[in-house]
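1. Using only what follows, build the 3D model:
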Amino acid sequence: MRRVYTYLLPVVLIFSFSFSVFSQPEGRVTQKDVPAAVDSLNNISYTYRRSNPKLSLEYALKAYQLCQSIDYLHGLAASLHNMGTAKATLGQLDKALDELVKSSQIREELNDYQGLVSSYNNIGFIYSELRNDTKALEFYERALTYQELIKNKSYAGIIYNNIGYGYVREKKFDAALSYFNRALEFCRESNDSRGESSTLSNIGLIYRARGDFEKGLQYHLDAYELGKNHSDRIGMTGMLRNIAESYLLLNKDAEATNFALRSMLMAKEYGLYGEERGTAAVLARIYEKRGMYKEATKYYKLESDLKDSLYVIQRSDAVEKIQAAYEIENKLKENEFFKKEHEINQQVIKTQKYLLFGSVFFIVIVVSLMTAILRVNKRIKLTLKELIQRKDEISAQKETIQQKVVALDEKNEELESINSIKNKLFSVIAHDLKNPFNSIIGYSELLVYNFKNYSEDEVWSFLKIIHDSGVKGNILLENLLQWSRLHTRTIQFLPVTNKLRKLILDELYFFQPKVQEKSIQVEVNVNEKLEVFADSNMLKTIIRNLFSNAIKFTPSNGTISINGSSRGSSVLVCVSDTGQGIEPHIKEKLFTGEVGVTTANEGGEKGTGLGLMLCKDFVTKHKGEIWVESKPGEGASFFFLLPNKTDID
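-> Below you'll find the predicted structure:
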């Protein structure tokens, strides 16, 4: 029944406000009655901000609507702040940022320092979620500046906690631990047990990341015991998930399953989609480790579905637009967030309808809420009963499962490798390998059926396209076969001593027609005596792919340089071009083979990414290194470093 009262209280308050404020005789209603209702709605919204963000958003919206009829900036700023906070919790980051920025602008005009601390902290949190840590730190520092003015230690604990979490994501654990310890001091001095619980859980993350799983688990358990007395559903969902992950790392799969399912149940009950997605990922890993692949697949799909529904938004455009609006409005000090002097009589007309149907509406709402709550409680009891039964079954099977863990892990790794190879092969065959053959079939068909209708130049042009498509298809097929053989461990690795210059010139011979067609100048700066200890076929493939890419992205009358030199006990080779260069965000993922990480040349032609990935695998096979240096518009230089015979052996 305690939960029934929790839902009933806001309904009673809203009804009482509607009755007391708007049921006064016509002519006696004043604007001073509305701010009290706005403040009460904002207080209710703030109360539910972490236990039930959907309900918090509803009350914030009601407060915001009331503010449209009066000139009450404090209430308007608070309602915008609560709306932004609730939407951020629900994963609507772009809308949340817009409303929090508006709230901070109003609070700047009012010199509301306490409100600005909260608004700037929440804006920093959203930028942190958007992976813009520089912007996040800027707003956290603004919040700390105003916190020094109001001397609120509880706020200080929250801000230091958020800054520390940012450093955890950057893997700067010493800096993060320093901020968490300062946050812990402020929380304890201000008797903020909820904040202390959150901080302890964050400290547990650091010890877990450092490999001290037992200590990390203890911090998570302490945080959970301290925080379970609060109605912080978001925090408790995350703590249960952290405990589950710690048990998983300690190979205590039964305990990990129990806590992860409790986290999932709480996330689903309160509509915490962001937390539900994180817990789904943990459950998928747990069931996969236990060999329960059907359950693992279900939770992987759930995680993917939630990711699509929460995060497939145009975040960059929205953030840039909101930030630009914020900078302009902050300079001009314009106020575009509320309307003034609406007719109070319109509100009186609405409340007359509330008086007619208020009692019936109130009873229906209460009965509906009680019915819904009873159903939820019944489902929870049934679920808990099922969980207890599952726990008993898991305990009975634990000894048998532990004996099979090692074998299952090895099998899973093998299956994952095979599946990855299969997916890449299918992707290349479906989307890239067919293109050259389509060109060959298309143009040869034109020649077969319409040969007499074309001039000699046109026939020559078609034959050239067929030849180029055949060369491209052959190179792609060769790369595909070698990459597949490498990853299925069927390729032989036979390093021998090679004359580097001769090997390079032999490979360049096959590209002479394309080089002459584009009038590209090729420079080979390699000493004839320079030797390299490497597998000949693999080294030829590396040279062939790098030179082929250089031709593709070098404009007509451009230059390609191939340089080779000794670097101590290793040999350094560089293939440079004068092409269009590579964008930084593409350069970072160039050797991963990730979908979409390719650049189009001046003719619109794009590669598959397989050639560079094959180069990286072959260089790694030699225990060497490969990297690229490039700026947009300044060409690109691909380097690879191969060790000598002793290092390879």
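
2. List the residue ranges of this protein that fall below the pLDDT cut-off.
-> 1-32, 308-353, 414-415, 417-435, 472, 476, 479-480, 482-490, 593-608, 645-649 (pLDDT under 70).

3. Tell me which stretches of it form strands.
-> 495-499, 521-525, 531-535, 559-567, 570-577, 625-630, 636-643 (DSSP state E).

4. Using PDB, write out every CA atom in the fourth one.
-> Right, strand 559-567. Extracted in PDB, the C-alpha atoms of strand 559-567 (Å, rounded to 0.1, in the frame of the first residue of the first chain):
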ATOM      1  CA  THR A 559      53.200  12.300 -58.000                       C
ATOM      2  CA  ILE A 560      53.600   9.000 -56.100                       C
ATOM      3  CA  SER A 561      56.700   8.400 -54.100                       C
ATOM      4  CA  ILE A 562      57.900   5.100 -52.600                       C
ATOM      5  CA  ASN A 563      60.700   5.400 -50.100                       C
ATOM      6  CA  GLY A 564      62.600   2.700 -48.200                       C
ATOM      7  CA  SER A 565      65.300   2.900 -45.600                       C
ATOM      8  CA  SER A 566      66.900   1.200 -42.600                       C
ATOM      9  CA  ARG A 567      65.800   2.100 -39.100                       C
END
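
5. Renumber starting at 14 from here on
-> OK, 14 is where the count begins now, so the last one is strand 572-580.

6. elements contacting that strand?
-> helix 513-522, strand 534-538, helix 549-566, strand 583-590 (3 or more C-beta pairs under 8 Å, 6 or more residues apart in numbering; DSSP states H and E). In this view, the C-beta of every residue, glycine as well, is placed from N, C-alpha and C.

7. if we compare those, which one ends up closest to residue 196?
-> Across those, residue 196 has its closest neighbour in strand 583-590 (48.0 Å, C-beta to C-beta).

8. In its sheet, which strands sit next to that closest one, and in what direction?
-> Here strand 583-590 is paired, per DSSP bridges, with strand 572-580 (antiparallel), strand 649-656 (antiparallel).

9. Now do it against strand 638-643, angle only.
-> 30 degrees (axes from the mean of the first three to the mean of the last three C-alpha atoms, to 10 degrees).

10. Now tell me what touches strand 583-590 from outside.
-> Contacts to strand 583-590, defined as C-beta atoms under 8 Å, 6 or more residues apart in numbering, come from residues 513, 543-545, 556, 559-560, 563, 566-567, 571-579, 637, 648-657, 660.

11. just to revisit the earlier point, which of the strands paired with strand 583-590 is buried the deepest?
-> Neighbour counts (mean count of other C-beta atoms under 10 Å) averaged over each of the strands paired with strand 583-590 peak at strand 649-656, with a mean of 21.

12. and that one, how far from the chain's centre?
-> Its chain's C-alpha centre and that of strand 649-656 lie 31 Å apart, by C-alpha atoms, centre = their mean, to the nearest Å.

13. I'd like the strands of the chain as CSV, with distance to residue 242 appended.
-> Compiled in CSV, the strands of the chain are given as follows (distance: least, C-beta to C-beta, whole Å):
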stretch, distance to residue 242
strand 508-512, 65
strand 534-538, 73
strand 544-548, 65
strand 572-580, 63
strand 583-590, 62
strand 638-643, 53
strand 649-656, 59
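
14. which one of those lies closest to residue 308?
-> That would be strand 638-643 among the strands of the chain, by C-beta to C-beta, at 40.1 Å.

15. So what are the sheet partners of that closest one and their directions?
-> strand 649-656 (antiparallel).

16. burial of residue 103, as a residue count?
-> 19 (other C-beta atoms under 10 Å).

17. gap between it and residue 122?
-> 28 Å (C-beta to C-beta, to the nearest Å).

18. next one: residue 564
-> 61 Å.
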